[in-house]
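J.: 3D model of this:
(chains A and B)
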Protein chains: 2
Amino acid sequence: MNRTPVLRHHCTKGVSLGVFCLFASMAVSAQSPVFQNTLLPEPSRMTTASGSIPFTKDFTVSLSGAHNVILEEATRRTLDAMEAYTGVQLNKAPQDANATLTIQVQDTTGTRPTLDTDESYSIDSTSNKVILQAKTVFGALYGLETLQQLLQVEDGHYAIPAVQINDSPRFPWRGLMLDVSRHFMPLPVIYRTLDGMAAVKLNVFHWHLTDDQGFRIESKRFPKLTLMGSDGLFYTQDQVRDVIRYASARGIRVVPEFDVPGHVTSWFVGMPEFASVQRPYAIARPFGVWDGALDPTQENTYKFLDAFIGEMADLFPDEYMHMGGDESNGKDWKATPHIVAFMQAHNMKSTEELQTYFSTRVLALVKKHHKQMVGWDEILNPGTPKDAIIQSWRGVESLSVAAKQGNRGILSAPYYLDGMKSAERMYLDDPIPDGSTLTAEQQKLILGGEVCMWAEQITPQTVDSRIWPRTAALAERFWSTRETRDVPDMYRRLAVESIRLDGLGLTHISGPQSGLRQLAGSEEGSSQLAVLISVLSPGSLHERYSQQKTSQLTPMANPVDYTRPDPPIREELVLLVERYLHSASPTEHTAAHQQLTNLFQSWIATGAALDSVAAEHPKLNQLSLRRAQLPKLGLLGIQSIDSIESHTVPTSAWVEEQSTLLKAAAEHSELTNFAILPPLQQLFEAAGKQ
Amino acid sequence: MNRTPVLRHHCTKGVSLGVFCLFASMAVSAQSPVFQNTLLPEPSRMTTASGSIPFTKDFTVSLSGAHNVILEEATRRTLDAMEAYTGVQLNKAPQDANATLTIQVQDTTGTRPTLDTDESYSIDSTSNKVILQAKTVFGALYGLETLQQLLQVEDGHYAIPAVQINDSPRFPWRGLMLDVSRHFMPLPVIYRTLDGMAAVKLNVFHWHLTDDQGFRIESKRFPKLTLMGSDGLFYTQDQVRDVIRYASARGIRVVPEFDVPGHVTSWFVGMPEFASVQRPYAIARPFGVWDGALDPTQENTYKFLDAFIGEMADLFPDEYMHMGGDESNGKDWKATPHIVAFMQAHNMKSTEELQTYFSTRVLALVKKHHKQMVGWDEILNPGTPKDAIIQSWRGVESLSVAAKQGNRGILSAPYYLDGMKSAERMYLDDPIPDGSTLTAEQQKLILGGEVCMWAEQITPQTVDSRIWPRTAALAERFWSTRETRDVPDMYRRLAVESIRLDGLGLTHISGPQSGLRQLAGSEEGSSQLAVLISVLSPGSLHERYSQQKTSQLTPMANPVDYTRPDPPIREELVLLVERYLHSASPTEHTAAHQQLTNLFQSWIATGAALDSVAAEHPKLNQLSLRRAQLPKLGLLGIQSIDSIESHTVPTSAWVEEQSTLLKAAAEHSELTNFAILPPLQQLFEAAGKQ
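T.: Okay, here's the model as predicted:
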């Protein structure tokens, strides 16, 4: 579609809390001047027509033909959401016929999605009715999500625009991995994460249930695993069944991960008998790669795994089971005489070969229990069985290798949320990159991607702000066409989606705001602090670890924890400076000038105010350098604009001083990075060219 | 203590989002210039000394002598909270001796609080150690809450000030009643409500589980009650046991209410055989008093109640059970020949007498199952048994009548949160009012009070903002001495406590903020909307009902739902105008002048901005009148100040115009009330006196 960005009316009021209005610019389709496309992910095919269907209290729904309880409940949720959004009270009882919305599903027998579920749907609202059609219930769920996103305002009234959508996903595996071992995530986190996933059409919840720092799933056969390896923080099997039911009703598969043979310290606290090296095992508090590993030479290890996998295979109905396999460093194996002897006896030259032996046996156990095995890319070797699925965390290349070997693959390497990269940087990374040498047939082996949320440095209070809204952008990468790559348009829709996700109860906005109130002790103080926090992003996992040596015991309610990765102001300032420097419209230039001035003034004002807040809240001194730098950056902005406006060449002393400032600001410091430096640099350079 | 309010440093920056800094003024005790008392509720006896104990990573704890798991867990929670607040990582393993904090509890056998639990505790931090002593585990829990509130900042470092506290509650029954029938409240609401209650030393969670609009508690003996009477929204018995365990571990008793003989429509959907009048029963959607009532003349009714009460008595371990009794209008009884015949046969002259007969029989059943009965004041009659406890919702008088009859009583009438009154207005109402004619002995029959949260017009999204922080002020009424009545000081501490409660996960601040984002569709729009919302409060239950005829099906995600009762700006503006008009200090006068000007300017600016937001979000037109009035009120403020500053007599035309404006603004409209009119009126009148 041909989109023309236009400013929303209320966007001329300038800056508030460092969050301003550039994103309110809306796309307007060429076909229909009123349709504002805020769909995310973009449907694969959509045409718009003129006209729309008013959304009033007379809006009704009919479930035409067969339906089941999943469809009925999803329809009810959709109507509830539309009612809440509009304030229009509906008659929600399904009608026999003549309803505004008719839902037609061919096959309503499905109660749980699988990898080969048909997820397509169509929406036609061009004839004064909305017809939603799908082959399966799960396709219909996606259609209902799209319908909610279609609801818009025209001339002061709510309406559903006239569109024809024929939509289906590009990849069948669109996942989010959540680590609940390093920091346990209570059930409310799990449920709201599933809500967010459903809203953006993700369909695999990969539950990383075990790791060195905690064993989080009840085993009734081996109760010592949680009794001694979880600090009491784990999910009961009843709870897991509820989660699976909830996920299934939202079109989401639940794939559990039990990471072996490494990352098993927490297993050994209660069951040291399966360890390669006998030493006192305690739940690991520091992070990193631990030496503890299952003994791959004991038959008892496989007997245990057989029983454990069997129990878990009964609990988790999905056809796929993840058995980890990453970062097993082989040290304990090399240090154990009977294991070394085993390797020699079996002519294994490296611990990698021993791991392949182990993986092959584990895969056989997984298959015995009627599951297919997924593993991290370490399990990929020339001898890896063809039916193992490779999840690539070390780079996209191994997926090519896997595909050429005939193994299916899932890409995760570019989608590590703890790298704290911008949505943009992750969004443009494709599971099948440009210049891929895979044949069309091999490309089909790339099942999709998974966003990964590791939990070294997150807590239940901060996890949402690390997952959302960036994951919504990646959901579009997995669902929409390869050609959907317009970054500003993605951000425009992402800003809208972020507010929708907030409305679902996700805490990516409210959590950090509450954190700032705790840090500042008052609403007033937190609004001052918000100005500083809004321009910072947290350092990556590695940056923070190098400074702070974080462990599971590190308190994580600090200023850095309430900074947001890829804060909205980053992209906003890029566009604002672009508009200021290059807009052909004098009006736009003047408006951008005013907005920039307001923003920079707020940075200048906040410095002194925060000094006072920090005097009573010493934790804020964790950002004392950033607090000192921000007003200077504001001044740089103001002075750059002054130079540009007055066509005055800045003095070389000023240029040198500002260069030093920008360089210092660009350094990772106080666990944070400034998120707004490139456009500032651009302004500064433009000033120098006067 | 002698307190001198002083301005915090960071409070000179003026207004932000309509929330500004007056409350940052801190009390400074006469004894110790550094102690900042933010305790809420106020301890019954406290003295301060000079000095303090630094709070560093070396802070440790020892559980001296006996302890149990409740105490251990509470200690752990306290250390976690202090660690999060300060960012200081502690060694949380209990020490054998020589710890910074020593906790000594005499009797650690208690696992569940009762009405006669000794709740006293003492804290002594005057000798470089903190000694916390209590007779029971539950007293110690209160001490731990106080300890968290004591933690403060001195000279840029965290510390525990030197104090001696000997504290115990004035009343043993300090409750919060939550109606989960008219709108169901999911478990997370229940848990966070309990967290908030524990923080302010409330000790009774009164769970209003049944009413016309929903039967919310699983009965295994009578499953039709929830199967047909709950829309599937109810608590299982397993869930209830978890809630009780959680509450007990926080010193909170759980008292269930099963409201009979009226308010039973939801019971009759599945079990119409116990109704006085046979008609088709469906779950009631509208609110109000319904005619349906249990048939008090059938022996089967009592057989059923015997079995049901027995089952619930097993589930709920507390010694008290609430059997309702309110608003049974007698209409169905009078309309039923066999009931009229029964009354005649038993020489009953009124349906009130018949209700007394019914209550007496129910009380016998409750006693049979080893419980004591609580009921609303309708159950009080000259014939009411002495062991029934009267909960008074119609007025404080009936408690006097009850006490003179020898019945114990609990006051709720002044503490109805749905009246949307200010904390101040409820705070000053005492369970034993001035001029009480009760003897000392009779006064002992007044057990305390209960705040009541009825759920006609609240949802899980808005319930917290209706309960908190006002309930914290009432917790002080029930705990602290009768003489604790300093309203500005209460508000000063309440502002701090409100932020603490926010940190516990309560959503009284974040929920409305999220709601505004949904209404405005963006963070920017919501910050404009917040200026308007901050000066409004929701109308009372009756005001809203008279305008909107709300039912259980009314969408409640409208602007009014995100206004807060007793918004912070109300008291802030009172004090600011007071300071502006009457401060002896020119500096204070000037600062107040500037703050008022900024505030009024923000009101003026927001009007036009909101018109634009509303064009894209029609729901905001629910506040079109308020949106038009606010800038005018801002102008009134600015012009009044101008008159005062310039000693100019305003024209009579202006005076008339502003009087008309103030009168119009004072009318309940668009479901809301302006919360800031009295101080504006004061300014306006001061202008007129120039």
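J.: Can you give me the neighbour number for residue A:519?
T.: For residue A:519, the count of nearby residues is 26 (other Cβ atoms under 10 Å in any protein chain shown). Where you see a C-beta, it was placed from the backbone N, CA and C, and this is true even at glycine.
J.: in the stretch 151-300 of chain A, what spans have low per-residue confidence?
T.: For the stretch 151-300 of chain A, no stretch has pLDDT under 70.
J.: from memory residue A:499 sits against residue B:524, does it?
T.: No: with contact defined as Cβ atoms under 8 Å, residue A:499 does not count as touching residue B:524 (10.6 Å).
J.: Of those two, which one has the most company?
T.: A direct count of neighbours by other Cβ under 10 Å for residue A:499 and residue B:524 places residue B:524 higher, at 29 against 20.
J.: tell me the mean pLDDT for the strand or helix carrying the more buried one?
T.: Counting by DSSP states H and E, the element that carries residue B:524 is helix B:523-533. Averaging pLDDT along helix B:523-533 yields 94.
J.: And for stretch A:322-330?
T.: Stretch A:322-330 shows an average pLDDT of 94 in the prediction.
J.: Tell me how far that stretch lies from the chain's centre.
T.: Stretch A:322-330 sits 23 Å away from the centroid of its parent chain (Cα atoms, centre = their mean, to the nearest Å).
J.: who's in contact with the closest residue to residue A:674 other than its chain neighbours?
T.: Nearest non-adjacent residue to residue A:674, counting by Cβ to Cβ, 6 or more residues apart in numbering or on different chains: residue A:665, 5.1 Å away. Residues near residue A:665 by Cβ atoms under 8 Å, 6 or more residues apart in numbering or on different chains: A:629, A:633, A:674, A:677.
J.: can you pull the pLDDT of the last one?
T.: Think residue A:677. The predicted local confidence for residue A:677 is 98.
J.: The third one too?
T.: At residue A:674 the predicted local distance difference test score is 98.
J.: re earlier: quick one: work out the angle between the helix holding residue B:524 and helix A:523-533.
T.: 170 degrees (axes from the mean of the first three to the mean of the last three Cα atoms, to 10 degrees).
J.: Check which helix or strand residue A:58 maps to.
T.: Applying DSSP H and E as the criterion places residue A:58 outside every helix and strand.
J.: show me what contacts it?
T.: Contacts of residue A:58 by Cβ under 8 Å, 6+ apart are residue A:100.
J.: Phi first, then psi, for it.
T.: Note on residue A:58: its backbone torsions stand at phi -90, psi 0 [degrees, to the nearest 10].
J.: And the one 4 residues further on, by the same measure?
T.: Recorded main-chain torsions at residue A:62 are phi -130, psi 130, according to degrees, to the nearest 10.
J.: right, and it touches residue A:93 too?
T.: No: using Cβ under 8 Å, residue A:62 makes no contact with residue A:93, being 10.2 Å away.
J.: For those two, indicate the residue with more neighbours.
T.: Under the neighbour definition other Cβ under 10 Å, residue A:62 and residue A:93 were set side by side, and residue A:62 has more, 18 against 8.
J.: Please report how far that one lies from residue A:132.
T.: Separation of residue A:62 from residue A:132 (Cβ to Cβ, to the nearest Å): 10 Å.
J.: Common neighbours of these two, please.
T.: A:101, A:102, A:103.
J.: which of those tops the neighbour count?
T.: residue A:103 (28 neighbours).
J.: what's around the nearest residue in space to residue A:215 that is not next to it in sequence, how many residues?
T.: Leaving aside its chain neighbours, residue A:215 sits nearest to residue A:229 (3.7 Å; criterion: Cβ to Cβ, 6+ apart). By the criterion of other Cβ under 10 Å, residue A:229 has 26 neighbours.
J.: Residue A:229 contacts residue A:269, doesn't it?
T.: Yes: judged on Cβ under 8 Å, residue A:229 makes contact with residue A:269 at a distance of 4.6 Å.
J.: Show the contacting residues for the residue nearest the centre of chain A.
T.: Closest to where the C-alpha atoms of chain A average out (Cα atoms, centre = their mean) is residue A:471, at 2.6 Å. Counting by Cβ under 8 Å, 6+ apart, residue A:471 touches A:176, A:196, A:197, A:200, A:202, A:417, A:451.
J.: Tell me the secondary structure at the closest residue to residue A:121 other than its chain neighbours.
T.: Of all residues beyond its chain neighbours, the one nearest residue A:121 is residue A:143 (3.6 Å), with distances taken as Cβ to Cβ, 6+ apart. Three-state call for residue A:143 (DSSP: H, G, I helix; E, B strand; the rest coil): helix.
J.: show me the contacts for residue A:143.
T.: A:103, A:121, A:122, A:123, A:132, A:133, A:134, A:167.
J.: Helix, strand or coil: sort out the fifth one for me.
T.: In this case it means residue A:132. Residue A:132 - assigned by three-state DSSP - is strand.
J.: again with the fourth one
T.: Each residue gets one of three states, and residue A:123 gets strand by three-state DSSP.
J.: Could you do the first one as well?
T.: Going by three-state DSSP, the secondary structure assigned to residue A:103 is strand.
J.: pLDDT score assigned to it?
T.: The model reports residue A:103 with a pLDDT of 96.
J.: Apart from its chain neighbours, what residue comes closest to it?
T.: residue A:132 (4.8 Å).
J.: Run a quick neighbour tally on the one you found.
T.: 26.
J.: mind listing what it touches?
T.: A:101, A:102, A:103, A:104, A:121, A:122, A:123, A:140, A:143, A:144, A:147.
J.: Can you name the residue of the stretch 501-650 of chain A that approaches chain B most closely?
T.: residue A:612 (3.5 Å; Cβ to the nearest Cβ).
J.: distance of that residue from residue A:528?
T.: Taken as Cβ to Cβ, the span from residue A:612 to residue A:528 is 9 Å.
J.: Repeat that for residue A:595.
T.: For residue A:595 relative to residue A:528 (Cβ to Cβ), the value is 20 Å.
J.: and these two? which has more neighbours close in?
T.: residue A:528 (26 against 23).
J.: Could you measure from that one over to residue A:630?
T.: Taken as Cβ to Cβ, the span from residue A:528 to residue A:630 is 11 Å.
J.: shared neighbours, these two?
T.: residue A:606.
J.: How about the backbone phi and psi for the residue nearest to residue A:674?
T.: phi -70, psi -30.
J.: One more: residue A:670?
T.: phi 50, psi 40.
J.: Please tell me I have it right and it contacts residue A:627.
T.: No: using Cβ under 8 Å, residue A:670 makes no contact with residue A:627, being 9.2 Å away.
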